[in-house]
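**Student:** generate a structure from the sequence data that follows.
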Amino acid sequence: MSGQNIYDNDAFFENFRNSRSKEVNFNDCIEMPILFSMLPDLRGKKILDIGCGMGQHAKKFSEMGAESVLGIDISEKMLEYAGAHNSAENIVYQRMAMEDTDQIGDQFDLVTSSLVFDYIEDFGGLMRKIRQRMKNGAELVFSMSHPIVTAWDGAYDRYTRTETGERLYANLRNYCKEGLRKVDWVVNGYECYHRTVSTLINDIIRAGFVLEECQEARISDEMREKYPALFGGTLHRPEFIFFRCRKG
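**Tutor:** Residues are numbered from 1 along each chain as shown. Predicted structure coming up:
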């Protein structure tokens, strides 16, 4: 296993699980609806879900008619939860780092990933490994934290606010300085990798993919007004970026 296994940190895992258990959260209200809107018809598809986490996506893929789903993740805690709460006869969960995707012997009709590629040091190399695991014409659909978000290095506040705490605008610094970010977020020493939007796009293209769709996170004005403390910042910056690619 390689890379930071942050989700096996007790405090980080409990924070994530508590967040996902709430009816209103970023994953269920913003990330999942957009990601799922970009998926092809799943009936009869063999699917690889990289960084499957708690298995919510894998279970939905199964219910949407997938032939089989292989969910891989580095976190024992995540996989334990997935097996207990989101299992099905056509789902297999396996502990594996995404850097080791090339060790999977099978090929797939669809590869998906949700907010995991922020943790990969060699994004271009990962794209090439994933492409090897895909059938001709297969699709790759994934989300990441938006580069405007990953640019944050912890040295400044994410937003400039009024005296009452209202977000006036998002702060952006060192966007063009790519590489590892170590910040205190939920736990001390949280790590992710920052890349510009153009780096992501060019790495996808260089790996041999046809880029067919890109979206940025959005939410309705009604939800933003109803939950300003949670979603108030979404007016100033997109939290996530989404890509749909095809193996030519």
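**Student:** where does pLDDT dip in the protein?
**Tutor:** 1-13, 15-22, 185-187 (pLDDT under 70).
**Student:** now residue 27: phi and psi?
**Tutor:** Here is the backbone geometry of residue 27 (degrees, to the nearest 10): phi -60, psi -50.
**Student:** sec struct for the residue lying farthest from the centre of the chain, please.
**Tutor:** Distance to the chain centre peaks in the chain at residue 163, reaching 33.5 Å (criterion: CA atoms, centre = their mean). Classification of residue 163 by DSSP: H, G, I helix; E, B strand; the rest coil places it in coil.
**Student:** show the end-to-end separation of stretch 73-90, please.
**Tutor:** 17 Å (CA to CA, to the nearest Å).
**Student:** going forward, begin numbering at 48 instead of 1
**Tutor:** OK, 48 is where the count begins now, so the last one is stretch 120-137.
**Student:** buried residues, that stretch. List them.
**Tutor:** 120-122, 124-126, 128-129, 133 (16 or more other CB atoms under 10 Å). Heads up, the C-betas are built off the backbone N, CA and C, glycines and all.
**Student:** widest-spaced pair of the residues you listed?
**Tutor:** 121 and 133 (17.3 Å; CB to CB).
**Student:** so who does residue 137 touch?
**Tutor:** By CB atoms under 8 Å, 6 or more residues apart in numbering, residue 137 lies in contact with 109, 113-116.
**Student:** what subset of those residues is buried?
**Tutor:** For those, buried by 16+ other CB under 10 Å: 109, 113, 115-116.
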